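Student: Here is my input, please return the structure:
(chains A and B)
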There are 2 protein chains.
Amino acid sequence: MAPKALKFELKTPKGTKDWEGKDMVIRDKIFSTISEVFKRHGGVTIDTPVFELRDILAGKYGEDSKLIYDLADQGGEICSLRYDLTVPFARWLAMNKDVQSIKRYHIAKVYRRDQPAMTKGRMREFYQCDFDIAGAYDAMVPDAEIIRIVTEVFNALGWNGTYTIKLNHRKILDGIFQVCGVPEDKIRTISSAVDKLDKLPWADVRKEMTEEKGLDGETADKIGEWVVLKGQKDLLEKLRANEKMAANESMKQGMNDLDLLFLYLEFFNCLPAVSFDLSLARGLDYYTGVIYEVVTEGSAPSTTPAVEEVAPAPKKKGKKSATDPDEDRSSDPSVGVGSIAAGGRYDNLVGMFSGKGQIPCVGISFGVDRIFSITKARMAADKNVAQVRNNEVDVYVMAFGGKGFTGLLKERMSVCATLWESGIKAEFLYKVKPKLPNQFKAAEVNGVPFAVVLGEDELAQGKVKIKEMGLRDGHPEKEGVLVNLDDVAWEVKQRLQRKQVLDDMTRQADGLRVVHGIRADQIETDVAAAGVESAVPTGTAPTDTVPVNAAPADTPQQDAK
Amino acid sequence: MAPKALKFELKTPKGTKDWEGKDMVIRDKIFSTISEVFKRHGGVTIDTPVFELRDILAGKYGEDSKLIYDLADQGGEICSLRYDLTVPFARWLAMNKDVQSIKRYHIAKVYRRDQPAMTKGRMREFYQCDFDIAGAYDAMVPDAEIIRIVTEVFNALGWNGTYTIKLNHRKILDGIFQVCGVPEDKIRTISSAVDKLDKLPWADVRKEMTEEKGLDGETADKIGEWVVLKGQKDLLEKLRANEKMAANESMKQGMNDLDLLFLYLEFFNCLPAVSFDLSLARGLDYYTGVIYEVVTEGSAPSTTPAVEEVAPAPKKKGKKSATDPDEDRSSDPSVGVGSIAAGGRYDNLVGMFSGKGQIPCVGISFGVDRIFSITKARMAADKNVAQVRNNEVDVYVMAFGGKGFTGLLKERMSVCATLWESGIKAEFLYKVKPKLPNQFKAAEVNGVPFAVVLGEDELAQGKVKIKEMGLRDGHPEKEGVLVNLDDVAWEVKQRLQRKQVLDDMTRQADGLRVVHGIRADQIETDVAAAGVESAVPTGTAPTDTVPVNAAPADTPQQDAK
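Tutor: Okay, here's the model as predicted:
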């Protein structure tokens, strides 16, 4: 095929991006942290197609249905890209009648034709990490485990103390609306006004209720007294102390649930992170019980727009109009990152598909792109965060020689094959006669920790040199150590293991903040004292890079369910 | 939201499926095996959007472009689902001008509106696992490493000796066509006729060349003498021995490349799996050098249709016509699984996007769904394959008691929290007062190896019982071992580690076929002899299940590039 250059706009579609390099490493670390927690709780994964029959998605997302991406009608079935992972899961449960209970997780991309704000992790193609417990069980036990999972995920990401799990109950909210006198047919619309309290002050929400949605002012004021309240069990007591609330049937059911839930959260040792927040309502219709949403610094917008100027996307180079739904709103201060995880109980969704045979479900969805964007901002701010490597290569295999140097390609290839055979990650330069500085540079660019250096004289004696990269000047092994060619894989492995132990200790020390600038010799003394087995001559020092799989766990969600 | 049952056709779109249960575990094992090899060779991953601007895909796939899924025009940009991972990679390289070289891998779904054959892994939504080396390097060095990667992947999957890497060179093929007298403008179409030699006998291919494509019979016969040949370096010598071939410019370039390639494959110790096969042509236009395709038993169709009845999809319940492009052809004997990996060198594709600044590339794509379908068929046939578990739970936490039994929910939750804290995978039954048999059943269904059993009397003494599941009657620990409640996480961890060692040894023994039915006591003797540290009283025996992450590596690809 002859090369011919065509005129393209070289870009990804709006609201989508390529993930690459260090971003990819950080995101993968977030995925593995989350899925490890999911597996720890007995989760199994299922994978559904990226598109569904359009009928399956229809009628599930209320007015957000306009955000669904449709496939073109090319003959055959009519399909749309999935909008979340919850509806496909409910469809799967309805199809697989032999499955009456399951803890399933699913980490995959979902699609929404929403106005993007890329740097805040608000994308049109984004990842969700969902964990759901389906099955008829005793009240609130699985619900409590979902909250426990939330705490384990964010603690594993290193966010201890910097996040809040906002929690409410649809039946309590409905009880409040009933007691305050909201007509039944206005309950959902008033509920979605309340849901805006995280972005708007009460005065604006009240205005929406009365002026836009025709609620009388007195009812709105009564609601206003309740929905601004936050607490834990104390708030439950406060609700119960109100005679009308205590007598409301829906309220009673919700309060009984939360009594149990708070008890179980104590058993699970995860109550402190929870805030019982009467302003939390959640948008989607299908929730029937407990609802929750996790927020952190950056979730809320940095400015609060007045009602009359909602969505005032600032003009960008005057190129687009302020209301262009395709425009990126990353720099709009009225757009926050939003919730970083959200979910709740949905007991009736499976029944929408299967007709009979409801399967009650409760679940959580982590917004990885938002979690990522916050992590990245924090890493940029924290100079102490360990360097993230691009790849995981352990060893760079090089050669050098004087006049008449052949390049030793055969020997480099054969040493690499030996290392690969032993599971060691190894690279070499794809040049027949490479220059030594170029080989070192290639290794340094990716922070490869060891070099195996081949020289004709050493090879003639059956020897090669192993050199740890980045040793300080004057270090006894700065120039490398000669080892037998036949043992090269074993020798490298010993050094990698030893380095792993040193790196772990450095990290641990850093983590405990016991030592501020711990020195190599000290760590080695500690390692020796700890009886770490070592077949390697002493003197190896920790380097300044941390392998990829030890990327800092400090890390950041898209609106969930 | 009130439950209301709507009339749905509860299914996934044609050519797509849900992945679940053991299939998911096996597929994940294939993914992790492949990506481990990719990382071992310095690969880094990038992730591109599932849809691209339609212009990016246009003009890349020849007549297969009709198989591209389009998104509906809902205003804004015109997009299509990606057809492979190669074109998005080339688009990415063209966009990121600072990247002049990279080893990238990408494991993701691609989309083709092709006629499906589900049980043979021929799907409309399917996974590809791609590894590509981009950059201007010395000839054939990266090409050889790609082949080495193929061998490492299939060997790691346990397929040693059961696969063949068919290899050819576009320039050699073009040389043959030129020498045999094919007019320049017919070379690509004659090439795609040759590519059918893996499904059709020569007589049929000749017929297509002469009757359909207007080649004269003499030229076809000359081609026929060459393209049926297979070999290694010997075949290269045979080509070179022919004066006309040896003098052809295109042929010379191709032969020089293959001289180097065979040499490098020897250095990499991976020549035996390679078959230089002059019938391999590959469909896609963008290849410019070496091409390869990996086949195994099952790749070829079990019957060979005659030319006049190509695609004779057998009628299925008389419901659909034989030529319905939506019909599943799983039971059609003229449909094989096809190649399980394929790729080649494409030096001009990036230039199609960037105009100037070519980046030469060579890559391979593994068809995981096909690899899976073959693996599954083999596992079904092999009774010795270890059982695959659904989940990875280590411990089931249970309680029992006599009259007045409270269910010990608080204690079960708190023990679980302690185990989770230590990273141990643990579950309990979501019942306030569970029955003991139900708890054991729940553990057994998923092959959970250990139970922690709580009883009121034992708890009063600060003790709990750890019980290894599946011990034989009469085993000294059949009834479990009492340990201190405070040490429960440590005690479980010791047992899990010990079990891991025993399982590894069992698997190793099985793998070496040294022992046929190895017994627990023997293994323990071996473990003791090997000096395996154990803080656990002896007597633990291997169970009959193997943890998920030790799922057998025996495993099975969609057409690649």
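Student: From here on, just use CA atoms for contacts and neighbour counts.
Tutor: Fine.
Student: SS state for A:P13?
Tutor: coil (DSSP: H, G, I helix; E, B strand; the rest coil).
Student: Mind telling me which residue of the stretch 251-400 of chain A is nearest chain B?
Tutor: Using C-alpha to the nearest C-alpha, the point where the stretch 251-400 of chain A gets nearest to chain B is A:G355, with a distance of 4.1 Å.
Student: And the pLDDT for that residue?
Tutor: We have a pLDDT of 71 for A:G355.
Student: what do you get for A:E533?
Tutor: So A:E533 comes in at 42 (pLDDT).
Student: Phi and psi next, for A:A58.
Tutor: phi -60, psi 140 (degrees, to the nearest 10).
Student: For the closest residue to it other than its chain neighbours, give its distance to chain B.
Tutor: Nearest residue to A:A58 in three dimensions, chain neighbours excluded: A:S65, at 7.4 Å (C-alpha to C-alpha, 6 or more residues apart in numbering or on different chains). The gap separating A:S65 from chain B is 13 Å, by C-alpha to the nearest C-alpha, to the nearest Å.
Student: Tell me the confidence at A:S65?
Tutor: Taking A:S65 on its own, its pLDDT is 86.
Student: Assign it to helix, strand or coil.
Tutor: Quick answer, by three-state DSSP: A:S65 is helix.
Student: Run a quick neighbour tally on it.
Tutor: 15 (other C-alpha atoms under 10 Å in any protein chain shown).
Student: do A:D204 as well
Tutor: 17.
Student: Likewise for A:D138?
Tutor: 12.
Student: Is it correct that it is in contact with B:V432?
Tutor: Yes. The pair A:D138 / B:V432 is scored as a contact, 6.5 Å apart, by C-alpha atoms under 8 Å.
Student: What is the distance between the helix or strand harbouring A:A342 and the centre of its chain?
Tutor: Element membership of A:A342, judged by DSSP states H and E, is strand A:341-346. Its chain's C-alpha centre and that of strand A:341-346 lie 16 Å apart, by C-alpha atoms, centre = their mean, to the nearest Å.
Student: do the same with stretch A:279-286
Tutor: 22 Å.
Student: And stretch A:449-465, by the same measure?
Tutor: 44 Å.
Student: same deal with stretch A:239-256?
Tutor: The answer for stretch A:239-256 is 37 Å, by C-alpha atoms, centre = their mean.
Student: A:W420 and chain B, how far apart?
Tutor: From A:W420 to chain B the distance is 7 Å (C-alpha to the nearest C-alpha).
Student: so that residue sits in a strand?
Tutor: No. Residue state for A:W420 (three-state DSSP) corresponds to helix; a strand is not indicated.
Student: so how far is A:D18 from the residue nearest to A:T16 when sequence neighbours are not counted?
Tutor: Spatial nearest neighbour of A:T16, excluding adjacent residues (C-alpha to C-alpha, 6+ apart): A:E125 at 5.4 Å. Distance, A:E125 to A:D18, by C-alpha to C-alpha, to the nearest Å: 11 Å.
Student: cool, and A:I107?
Tutor: Taken as C-alpha to C-alpha, the span from A:I107 to A:D18 is 18 Å.
Student: Over to A:I78?
Tutor: From A:I78 over to A:D18 (counting by C-alpha to C-alpha), the distance is 28 Å.
Student: Check A:L429 too.
Tutor: 27 Å.
Student: Comparing those two, which residue is more hemmed in?
Tutor: Per other C-alpha under 10 Å, whichever of A:L429 and A:D18 has more neighbours is A:L429, with 24 against 15.
Student: and the lengthiest helix in chain A, what does it pack onto?
Tutor: When chain A is parsed with DSSP state H, its longest helix is helix A:488-512. Applying 3 or more C-alpha pairs under 8 Å, 6 or more residues apart in numbering or on different chains; DSSP states H and E, we find helix A:488-512 packed against helix A:409-421, helix A:520-529.
Student: Contacts only, for the residue of the stretch 401-550 of chain A found nearest chain B.
Tutor: Nearest residue of the stretch 401-550 of chain A to chain B, counting by C-alpha to the nearest C-alpha: A:K425, 3.9 Å away. By C-alpha atoms under 8 Å, 6 or more residues apart in numbering or on different chains, the contact set of A:K425 is A:392-395, A:419, B:39-42.
Student: quick one: which two of the residues you listed are the most distant?
Tutor: Across the contacts of A:K425, no pair lies farther apart than A:E392 and A:L419, at 14.3 Å, counting by C-alpha to C-alpha.
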